[in-house]
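Chemist: Predicted model and sequence follow; I will ask about them next.
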Amino acid sequence: MSDPRRSTPRVDAVLADPRLVAAAERLGPVLVRAAVSRALDDVRSGRLPAEAAAEAAVAALPASASTLRRVLNATGVIVHTNLGRSALSPAAVAAVTDAAGYTDVEFDLAAGVRARRGAEVLGALRAAVPGAEAVHVVNNNAAALALIVFALAGGREVVISRGELIEIGDGFRIPDLLTAAGAVLREVGTTNRTRLADYAAAIGPETALVLRLHPSNYRVTGFTAAPTLAELVSLEVPVVYDIGSGLLAPEPLLPDEPDAASALAGGAALVTASADKLLGGPQAGLVFGRSDLVTRLARHPLARALRVDKLTLAALEATVRGPLPPTTAALRTPVTALRERARRLAAALADAGVDVEVVDTGSTVGGGGAPGVVLPSVALSLPTAYAALLRHGEPPVVGRVSAGRCLLDLRTVTPDDDEDLLTAVRTAAKQT
Ligand SMILES: *Cc1c(COP(=O)(O)O)cnc(C)c1O
């Protein structure tokens, strides 16, 4: 055979293949050209016959123009930060799609004039939280805390219990955020016990606010003490309560998890929360509370640097107004329903020769809150080799390895994805 380098087709000739022309419409020319270049490299090095180049490039095309891939979360951790925290509801996905083009986010179609950005979304949030005089939305809860310090506590003291100086993950420490934003931290009490008198002794002319932080990812148990919210409020300094998880109202399944409505009813001046934890929405930070304070946040120059885009506003409104998001559904699904699904899935897999068992297990809420709470759950148990095979599948499935088995916890897989889960496991089984 002749030197493969001489018989290598030109890039343009391969790109003329109708399948690649269509792919370029969908993915853009850069990704298609890259796939063709890789195929031609293989032709040049003799690993691929020249006439197979187009076919190989088609097979190597990415599924979408983004490298972010849809993943099935079978970890049993409902709000899994590494997997994007919350999955949006179909209603929120539809709202994002509608808002993706030109949209009336800052325009009053009836009057034909400029309107307040996202006014309807703020209205929906306010309606969902009784007691919220006003609402402001920023990029995430960390941004909400930063904006509160910029606008209300720059150069002044924020009083906080030593038991609430928390790191929330990936080395990110809330006290560092507060000082970076310009607050002077006034730490009171000890890790396990802080009394009202500790707060009272620290409050003076330099105090801007008292911050209460919900330790959303750990618990202090045993010999502990902390004043109630009502006691803190009696100090007559604005109390800002970072509830973390974003529950708007009490959730009976998580009795120890704070919620925005109760925190406001308890007298907090402002409540901050993430929108993509237990609320089940897009990444955003929510601030509810006194309208004079919220107005100061919204008018602060840095508010502009922290504002959310139209896609977030669309998803947020549909999450609050629309059907239950998957996060809430995962939390509330009765274990009997999970067991029934597990049996059906296991039967289908056993028919395909897969070594599968149905086991009882426990799911957790995850970084979103409710530390220490274990929700009864049911998993498909497979040999450990499946863990890696499933991560490399299409779509990738992320389970957890426990006691030498790969567990696929069904609480965090929506039933709509059961068929995809079956296909992924069957495909992996062929590779074991
Ligand atoms: C998660 C969390 C944050 C950070 O929220 P992001 O939305 O990730 O910025 C802040 N405070 C508490 C208590 C949290 O649980």
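Modeler: Happy to help now that I have it.

Chemist: Please, where are all the helices along the stretch 101-250 of the chain?
Modeler: 119-128, 141-148, 174-180, 196-202, 229-233 (DSSP state H, counting those that start in this stretch).

Chemist: Counting by contacts, list what the fourth one packs against.
Modeler: Spelled out, it's helix 196-202. strand 157-161, strand 184-188, helix 229-233 (3 or more CB pairs under 8 Å, 6 or more residues apart in numbering; DSSP states H and E). Placement of C-beta: from N, CA and C, glycine included.

Chemist: so which of the helices of the stretch 101-250 of the chain is the most packed in?
Modeler: Counting by mean count of other CB atoms under 10 Å, helix 141-148 has the highest mean neighbour count of the helices of the stretch 101-250 of the chain, with a mean of 25.

Chemist: Quick one: mean pLDDT over it.
Modeler: Here helix 141-148 scores 98 as its mean pLDDT.

Chemist: for stretch 209-222, same thing?
Modeler: The model assigns stretch 209-222 a mean pLDDT of 90.

Chemist: what's the span of it from first residue to last?
Modeler: By CA to CA, to the nearest Å, the extent of stretch 209-222 from end to end equals 29 Å.

Chemist: Flag every buried residue along that stretch.
Modeler: Neighbour-count burial for stretch 209-222 flags 209-217 (criterion: 16 or more other CB atoms under 10 Å).

Chemist: Among the residues you listed, name the ones in strands.
Modeler: Among the buried residues of stretch 209-222, the subset assigned to strands under DSSP state E consists of 209-213.

Chemist: Get me the contact residues on the stretch 151-300 of the chain for the ligand.
Modeler: Residues of the stretch 151-300 of the chain found near the ligand (CB under 6 Å from any ligand atom) are 168, 213-214, 216, 242, 244, 274, 285.

Chemist: Let's see that with 5 Å instead.
Modeler: For the stretch 151-300 of the chain, the residues in contact with the ligand (CB under 5 Å from any ligand atom) are 168, 214, 216, 242, 244, 274.

Chemist: what's near enough to touch the first one?
Modeler: Listed by CB atoms under 8 Å, 6 or more residues apart in numbering, the contact set of Ile168 reads 174, 216-217, 367.

Chemist: Could you do Gly399 as well?
Modeler: By CB under 8 Å, 6+ apart, the neighbours of Gly399 are 74-75, 379, 382, 386-387, 390, 406-409.

Chemist: Next, count neighbours for Ala337.
Modeler: 14 (other CB atoms under 10 Å).

Chemist: for Leu331, same thing?
Modeler: 24.

Chemist: would it count as being in a helix?
Modeler: Yes: Leu331: assigned to a helix according to DSSP: H, G, I helix; E, B strand; the rest coil.

Chemist: Next, work out how far apart it and Pro205 are.
Modeler: 45 Å (CB to CB, to the nearest Å).
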